[in-house]
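Asks: Using only what follows, build the 3D model:
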Amino acid sequence: MHKKSMILRTHVGILLFRLLLLAMAVVLFFADNVLMDFTTINAFSGEAVFTGNTFFLWLVWLHLLGGMVLRIFPNKIITLGARKHFLHPGTGAQHKTVDKEKLHRGALYSFLGWFVCTAASVAVLHFLSILSPPIVLIIALVYAVLDSLFILFFCPFQALFMKNHCCTTCRIYNWDYLMMCAPLMLFPSFFSASLVILSLAVFIQWEWALRKNPAKFSPETNPDLTCKNCNDKLCKLRR
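Replies: Modelled structure (predicted):
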């Protein structure tokens, strides 16, 4: 199978799996939302991971954890947009002038947009006295589904704030897991802390690489990010 076909199909598969997780979460919420209380599970309790009562929670945890582990180590399984900070300067990114102000301005506006939406949602749920671990988990899964939809179809961060050509050149590509997992910390536990800590590690690694060599993140200075050299073709569904 051609590489570009594999990358696209993988992301379509991720979207479908996340939709399945979200659908399961909604069903469980109305059927027995105690099964969605991630504050009750502990990896060090000696309890089998895939027991009936915690199966769904561990499934979500492993899905998110696995995605983040792939982001931390250099590999060609993930998209070029998520691994451009691993490129060797001598084979891709060239040490040239990059508009750092433009890169950081779009990122700041994107963060503010996400923060305002998240804070407003949490405030409303708290006001209605329905904020709980199951609700926060559903929020995280909604963000996960939106992340896949943004990559494959339409990204408001790109359109409104970043103004980047495509996901491959996205300045905030590896912010996604932190945006998904951060709401979970409203209810500290092994489940939420482990995911947030790892998502922070992905975020810090990304930001450190950008500040160390911003030329890796721009198609003007990194030929590997141009349409001509891109094999991912995630823009195919956007036409």
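Asks: tell me what the helix or strand hosting residue 126 is packed against?
Replies: Assigned by DSSP states H and E, residue 126 falls within helix 100-127. Helices and strands touching helix 100-127, by 3 or more CB pairs under 8 Å, 6 or more residues apart in numbering; DSSP states H and E, are helix 133-152, helix 156-157. Using the backbone N, CA and C atoms, a C-beta is placed for each residue, glycine as well.
Asks: redo that, cut-off 10 Å
Replies: helix 133-152, helix 156-157, helix 176-181, helix 190-212 (3 or more CB pairs under 10 Å, 6 or more residues apart in numbering; DSSP states H and E).
Asks: What is the neighbour count of residue 26?
Replies: Per other CB atoms under 10 Å, the neighbour tally for residue 26 reads 14.
Asks: Please report how far the most centrally placed residue in the chain lies from residue 131.
Replies: Residue closest to the mean C-alpha point of the chain, counted by CA atoms, centre = their mean, is residue 176 at 2.6 Å. Computed with CB to CB, to the nearest Å, the distance linking residue 176 and residue 131 is 23 Å.
Asks: Same question for residue 150.
Replies: 25 Å.
Asks: is it true that residue 222 touches residue 230?
Replies: No - the criterion here is CB atoms under 10 Å, and residue 222 misses it with residue 230 at 11.3 Å.
Asks: residues touching residue 195, list them.
Replies: Residue 195 sits next to 38, 60-61, 64-65, 68, 140, 177-178, 180-182, 184-185, 189 when contact means CB atoms under 10 Å, 6 or more residues apart in numbering.
Asks: do that again at 8 Å, thanks
Replies: Neighbour list for residue 195: 61, 64-65, 68, 177, 181, 184 [criterion: CB atoms under 8 Å, 6 or more residues apart in numbering].
Asks: Most neighbours of all those, which one?
Replies: residue 181 (26 neighbours).
Asks: Tell me, how many residues neighbour residue 217?
Replies: Close neighbours of residue 217, defined as other CB under 10 Å, add up to 25.
Asks: now residue 9
Replies: Neighbour count of residue 9, defined by other CB under 10 Å: 11.
Asks: which SSE is it in?
Replies: Element membership of residue 9, judged by DSSP H and E, is helix 3-32.
Asks: Residue 53 now?
Replies: Residue 53 belongs to no helix or strand, assigned by DSSP H and E.
Asks: The one 3 residues further on now?
Replies: Element membership for residue 56, per DSSP H and E: helix 55-72.
Asks: Could you tell me the angle between that helix and helix 133-152?
Replies: If you take axes from the mean of the first three to the mean of the last three CA atoms, to 10 degrees, helix 55-72 sits at 40 degrees to helix 133-152.
Asks: got the angle for helix 55-72 vs helix 190-212?
Replies: Interaxial angle of helix 55-72 relative to helix 190-212 (the same axes, to 10 degrees): 20 degrees.
Asks: And helix 55-72, what's buried?
Replies: For helix 55-72, burial by neighbour count (16 or more other CB atoms under 10 Å) applies to 56-61, 63-65, 67-68, 71.
Asks: any idea which of the residues you listed is the one closest to residue 119?
Replies: Lowest distance from residue 119 to the buried residues of helix 55-72 (CB to CB) belongs to residue 64, with 21.7 Å.
Asks: What's the per-residue pLDDT of that closest one here?
Replies: If you check residue 64, the pLDDT there is 97.
Asks: My understanding was that it contacts residue 178; is that so?
Replies: No - in this structure residue 64 lies outside contact range of residue 178 using CB atoms under 8 Å: 11.1 Å.
Asks: Spatially, and excluding backbone neighbours, which residue is closest to the residue nearest to the centre of the chain.
Replies: Nearest residue to residue 176, sequence neighbours excluded (CB to CB, 6 or more residues apart in numbering): residue 147, at 4.8 Å.
Asks: Contact partners for that neighbour?
Replies: Counting by CB under 8 Å, 6+ apart, residue 147 makes contact with 176, 179-180.
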